[in-house]
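Chemist: next comes the sequence, and after it the predicted model I'd like to discuss.
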Amino acid sequence: MKVQKFIILFSFLILLGCEDKSLPVSENGDANNKAQIEQLGMVNEQLKNQISDIEKKNAEEKEALRTTMNIAFHIFNAINNKDFEYITSISSSNVQVNVEESIIYSTDYSYKINDMDYLLENLEYRYYHLEGDKLTIGFANYFSEGHSTINFGFVKRDGQWLFDYLVTDA
């Protein structure tokens with residue numbers, strides 16, 4: 001019986017002497033938690049800023065596409081009406097218009113305006129590509145024999161999008 005009491009007493013003393021190391025109760029543990037919370041707060045703020053930057057970039061890209069798409073449709077109309085004055089008014093310094101020959105020149109391309117009309121019901125938007133201050137919009141123009149592709153180039157100068165070139169495979 002004495003042995004049993006001794007074992008129980010010894011077990012009790014061992015249990016009292018054991019620490020639960022899974023729970024941080026020291027000041028050092030509290031400091032670590034505070035540091036982790038502060039670090040997570042900074043990471044959270046960085047992520048919020050990144051999301052804000054992405055949303056701003058998306059809004060700017062959307063506005064650029066809306067503006068240049070509008071100009072492209074006006075250019076289609078100007079080509080149909082041979083409105084060289086309008087084309088010149090929205091063009092960058094890279095574009096020259098030869099009224100007598102009905103040709104639009106840019107540094108790398110030229111486009112001869114012929115008697116083919118661009119009808120909205122025959123046009124299909126294909127793509128856009130924005131890189132910095134340059135934007136390209138691609139269309140397909142469908143007609144009875146097939147289709148042609150039309151690529152408009154725009155450049156942003158002083159906050160304004162300007163017509164920079166027109167390339168077609170027709």
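Modeler: Thanks, I have the structure now.

Chemist: for the residue positioned nearest the centre of the chain, grab phi and psi.
Modeler: In the chain, the centroid-proximal residue (CA atoms, centre = their mean) is N58; its distance is 4.7 Å. Per-residue torsions, N58: phi -60, psi -40 (degrees, to the nearest 10).

Chemist: pLDDT score for it?
Modeler: Note on N58: pLDDT of 91.

Chemist: do S11 as well
Modeler: 57.

Chemist: swap in T88?
Modeler: At T88, pLDDT is 95.

Chemist: might you report the residue contacts of it?
Modeler: Contacts for T88 (CB atoms under 8 Å, 6 or more residues apart in numbering) come out as 95, 97. Just so you know, the C-beta spots here come from the backbone N, C-alpha and C atoms, and that holds for glycine as well.

Chemist: at 6 Å instead, please
Modeler: V97 (CB atoms under 6 Å, 6 or more residues apart in numbering).

Chemist: and stretch 80-91, what's buried?
Modeler: Residues 84, 86-87, 90-91 are the ones in stretch 80-91 that count as buried (16 or more other CB atoms under 10 Å).

Chemist: other residues contacting stretch 52-62?
Modeler: Under CB under 6 Å, 6+ apart, the answer for stretch 52-62 is L130.

Chemist: in it, which residues are buried?
Modeler: Using 16+ other CB under 10 Å as the test for burial, stretch 52-62 gives no buried residues.
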